[in-house]
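S.K.: When you get a sec, could you give me coordinates for this:
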Amino acid sequence: MAEPKQEVKRLFIKVTRDSLPQVKDKYPFIYLERGRLEIDDASVKWIDSTGNVVRLPIATLNCLLLGPGTSITHEAVKVTAAANCGICWVGEDSLLFYAAGQTPSSDTRNLRHQIELSADPIKSVEIARKMFMRRFPSADLEGKALAEMMGMEGYRVRQIYEEKAQEYGVGWQGRKFVQGKFELSDMTNQILTSCNAALYGILSSVVHSLGYSPHIGFIHSGSPLPFVYDLADLYKERLCIDLAFSLTLQMGGRYNKYKVANAFKDRVIEMDLLQTIAKDIEAILGEKRARRPRK
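M.R.: Numbering: from 1, shown residues only. Just a heads-up that it's a prediction; the model follows:
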């Protein structure tokens, strides 16, 4: 029997003429779903599923996030590219990230800055130290090597798992996940895997929209999205770990993706995550480009 679909809060408001950014500003992204992008009189026109038409000030946007049910004409891609606006294809509310299209003439200032920091061994460790300081605000990390700080982080995360298991009365045998065999994990691990994936989707979209690369990290390496994983560790304790343990007993032994998605979105909204990510990246890398995203 199919699970009844629960009402789910949304992270993004519907795009209307009033919600669009002003011409004087450059916004990181707007999210669109269930509609069509096409060209009308050389401008990009968004037609949503109810027939509403909104002309997008494409030159004021860094990136379009195209969610489920969207289609885009070849000519709209051409005009969007000419305006230096990137495109990302994402799942609902950007909780999954599929692909990105970057324009050949896009602004690479932030990307160059990120590469310069990553390529310098001293500056790279300093960036990593800034990230660890947010998790160890009272610790003296000066002079510690990256491997030492990663060891501290591993211990801290294992402690959090144990504390949350006790707080919520959940049996915990450790973090276990088998790629492609989601159902073989216990309930807490299933929720953790889902929440982590959703967080990676949001971070990938924001990182792309701000003109950085998800492939150039400062802590993680040898993985597909090291910068995304670097950033994700700033938010996982509250957004993923606490949520997973708090939901485990409520699930009654049966994984409910709608319940998990609804609870995850509630926390994203509560944490003001979209705004927070953009501010944190600026503070950590020391670069400022587009204005904060508008939800």
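S.K.: can we go C-alpha only for contacts and neighbour counts from here?
M.R.: Will do.
S.K.: what stretches of the stretch 51-200 of the chain score poorly on pLDDT?
M.R.: Counting by pLDDT under 70, the stretch 51-200 of the chain contains low-confidence ranges at 105.
S.K.: how does it look with 80?
M.R.: For the stretch 51-200 of the chain, the stretches with pLDDT under 80 are 62, 84, 93-94, 102-107, 179-180.
S.K.: where along it do the helices fall?
M.R.: Secondary structure of the stretch 51-200 of the chain (DSSP state H, counting those that start in this stretch): helices at 74-82, 109-119, 121-135, 146-168, 187-209.
S.K.: name the helices or strands packed onto the second one?
M.R.: In other words, helix 109-119. Helix 109-119 sits against helix 121-135, with contacts defined as 3 or more CA pairs under 8 Å, 6 or more residues apart in numbering; DSSP states H and E.
S.K.: mind exporting the helix it packs on as PDB, just the C-alpha atoms?
M.R.: Taking Å, rounded to 0.1, in the frame of the first residue of the first chain, the C-alpha atoms of helix 121-135 are listed here in PDB:
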ATOM      1  CA  PRO A 121      50.000  24.900   1.700                       C
ATOM      2  CA  ILE A 122      50.100  27.500   4.500                       C
ATOM      3  CA  LYS A 123      47.000  29.300   3.400                       C
ATOM      4  CA  SER A 124      45.100  26.000   2.800                       C
ATOM      5  CA  VAL A 125      45.700  24.800   6.400                       C
ATOM      6  CA  GLU A 126      44.700  28.300   7.600                       C
ATOM      7  CA  ILE A 127      41.300  27.900   5.800                       C
ATOM      8  CA  ALA A 128      40.900  24.400   7.300                       C
ATOM      9  CA  ARG A 129      41.800  25.800  10.700                       C
ATOM     10  CA  LYS A 130      39.000  28.500  10.400                       C
ATOM     11  CA  MET A 131      36.500  25.700   9.700                       C
ATOM     12  CA  PHE A 132      37.700  23.600  12.600                       C
ATOM     13  CA  MET A 133      37.600  26.600  15.000                       C
ATOM     14  CA  ARG A 134      33.800  26.800  14.400                       C
ATOM     15  CA  ARG A 135      33.600  23.300  15.900                       C
END
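S.K.: Just want the angle from that helix to helix 146-168.
M.R.: Angle, helix 121-135 to helix 146-168, by axes from the mean of the first three to the mean of the last three CA atoms, to 10 degrees: 20 degrees.
S.K.: Go through helix 121-135 and flag the buried ones.
M.R.: Residues of helix 121-135 classed as buried: 124-133, 135 (neighbour count, 16 or more other CA atoms under 10 Å).
S.K.: Point out the most buried one among the helices of the stretch 51-200 of the chain.
M.R.: Mean neighbour count, computed with mean count of other CA atoms under 10 Å, is highest for helix 187-209 among these, reaching a mean of 23.
S.K.: CA atoms of it as PDB?
M.R.: Coordinates of each C-alpha in helix 187-209 appear next as PDB, following Å, rounded to 0.1, in the frame of the first residue of the first chain:
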ATOM      1  CA  MET A 187      16.900   3.400  10.800                       C
ATOM      2  CA  THR A 188      19.200   6.000  12.200                       C
ATOM      3  CA  ASN A 189      21.800   5.400   9.500                       C
ATOM      4  CA  GLN A 190      19.100   5.600   6.800                       C
ATOM      5  CA  ILE A 191      17.900   9.000   8.100                       C
ATOM      6  CA  LEU A 192      21.500  10.200   8.400                       C
ATOM      7  CA  THR A 193      22.300   9.100   4.800                       C
ATOM      8  CA  SER A 194      19.200  10.900   3.500                       C
ATOM      9  CA  CYS A 195      19.800  14.100   5.400                       C
ATOM     10  CA  ASN A 196      23.500  14.200   4.400                       C
ATOM     11  CA  ALA A 197      22.500  13.700   0.700                       C
ATOM     12  CA  ALA A 198      20.000  16.600   1.000                       C
ATOM     13  CA  LEU A 199      22.600  18.800   2.600                       C
ATOM     14  CA  TYR A 200      25.200  18.000  -0.100                       C
ATOM     15  CA  GLY A 201      22.500  19.000  -2.700                       C
ATOM     16  CA  ILE A 202      21.900  22.400  -1.200                       C
ATOM     17  CA  LEU A 203      25.600  23.100  -0.700                       C
ATOM     18  CA  SER A 204      26.400  22.100  -4.300                       C
ATOM     19  CA  SER A 205      23.900  24.500  -5.600                       C
ATOM     20  CA  VAL A 206      25.000  27.400  -3.400                       C
ATOM     21  CA  VAL A 207      28.700  26.700  -4.100                       C
ATOM     22  CA  HIS A 208      28.100  26.700  -7.900                       C
ATOM     23  CA  SER A 209      25.900  29.800  -7.700                       C
END
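S.K.: which secondary structure elements does it contact?
M.R.: Here helix 187-209 touches strand 63-66, strand 86-90, strand 97-101, helix 226-232, helix 242-248, helix 257-270, helix 273-285, going by 3+ CA pairs under 8 Å, 6+ apart.
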